[in-house]
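**Student:** I would like the atomic coordinates for the input below:
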Amino acid sequence: AIDEGGHVTLSGTFVDEDIAQTHEIEINWGDGSMSTVQSLGTAGTDASGNRTFGGITHTYGDDQAYTITVTIRETSGGTSLDVTDTVGVTVNNVDPDLTTDAPSILATEGVEVTHTGTYGDVPADTVTLSVSVGMITDNLDGTWTWTWTPSDGPDDSQTVTVTAVDEDGGLTTTNFDVTV
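**Tutor:** Okay, the predicted model is just below:
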């Protein structure tokens, strides 16, 4: 298994006893992206017809189970028989990143106070922000702004919790203290 935004690298070996044949490897990554095609000449083929391919990578942007399909074709004539095999890859969700710009802030009774921070996730995930007190605004650029007006002096001093949840249920929290 890999995490969202992670990549897989494929390699393999196959046999064609006709060592003069050239081949093409086509990889369908199973995520709707364009297939990868790699041409293989005869270099690297041993006397028994063993051929290898490798170093073919692909990045997966969203969590899901995918089926990768690898097809090998002869490209230099002769009897052409496509050979296909599949392999599965599971991509795990990654929780959003969430930070506050300072661990504590000072506030004055009756005066609106603001605080800021950042959040992020893989591009495929939508993130929703919430806060335990006050109001949080998603600035739509990977930053957030929190506002609140304390009304009860020192009794309003508290720890504020900001929560980021992605569309797949990944959850992260961060806290900061407000002293009134």
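**Student:** what about the closest residue to Leu10 other than its chain neighbours, distance to Gln64?
**Tutor:** Distances taken as Cβ to Cβ, 6 or more residues apart in numbering place Ile56 nearest to Leu10, at 4.7 Å, with adjacent residues excluded. The C-beta positions use only the backbone N, C-alpha and C, and glycine is treated the same way. Relative to Gln64, Ile56 is positioned 20 Å away (Cβ to Cβ, to the nearest Å).
**Student:** for Asp3, same thing?
**Tutor:** 12 Å.
**Student:** Then Thr57?
**Tutor:** Thr57 is 18 Å from Gln64, by Cβ to Cβ.
**Student:** The two - which one has more neighbours?
**Tutor:** Comparing Thr57 with Gln64 by neighbour count (other Cβ atoms under 10 Å), the higher total belongs to Gln64, at 16 against 10.
**Student:** Now do the contacts for the more buried one.
**Tutor:** Counting by Cβ atoms under 8 Å, 6 or more residues apart in numbering, Gln64 makes contact with Asp31, Thr90, Val91.
**Student:** one step back: return every residue with contacts to both of Asp3 and Gln64.
**Tutor:** Listed as contacting both Asp3 and Gln64 by Cβ under 8 Å, 6+ apart are Val91.
**Student:** contacting residues around stretch 104-111?
**Tutor:** With Cβ under 8 Å, 6+ apart as the test, stretch 104-111 has contacts from 113, 115, 148-153, 156, 176-180.
**Student:** Off-centre distance for it?
**Tutor:** The chain centre lies 38 Å from the centre of stretch 104-111; the measure is Cα atoms, centre = their mean, to the nearest Å.
**Student:** Report the mean confidence score over it.
**Tutor:** The average pLDDT within stretch 104-111 is 95.
**Student:** buried set for it?
**Tutor:** Ile105, Ala107 (16 or more other Cβ atoms under 10 Å).
**Student:** Secondary structure element for the residue nearest to Leu10, which one?
**Tutor:** Element membership for Ile56 (DSSP states H and E) is strand 50-59.
**Student:** what does Ala164 give?
**Tutor:** Using DSSP H and E, Ala164 maps to strand 158-166.
**Student:** do Thr173 as well
**Tutor:** If you go by DSSP H and E, Thr173 is part of strand 171-179.
**Student:** partners of that strand in the sheet?
**Tutor:** Strand 171-179 pairs in its sheet with strand 104-106 (parallel), strand 158-166 (antiparallel), by DSSP bridges.
**Student:** CSV please, covering these and showing distance to Tyr119.
**Tutor:** Output for the strands paired with strand 171-179, formatted as CSV (distance: least, Cβ to Cβ, whole Å):
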stretch, distance to Tyr119
strand 104-106, 18
strand 158-166, 5
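**Student:** between the ones you listed, which gets nearest to Ser76?
**Tutor:** strand 158-166 (48.4 Å; Cβ to Cβ).
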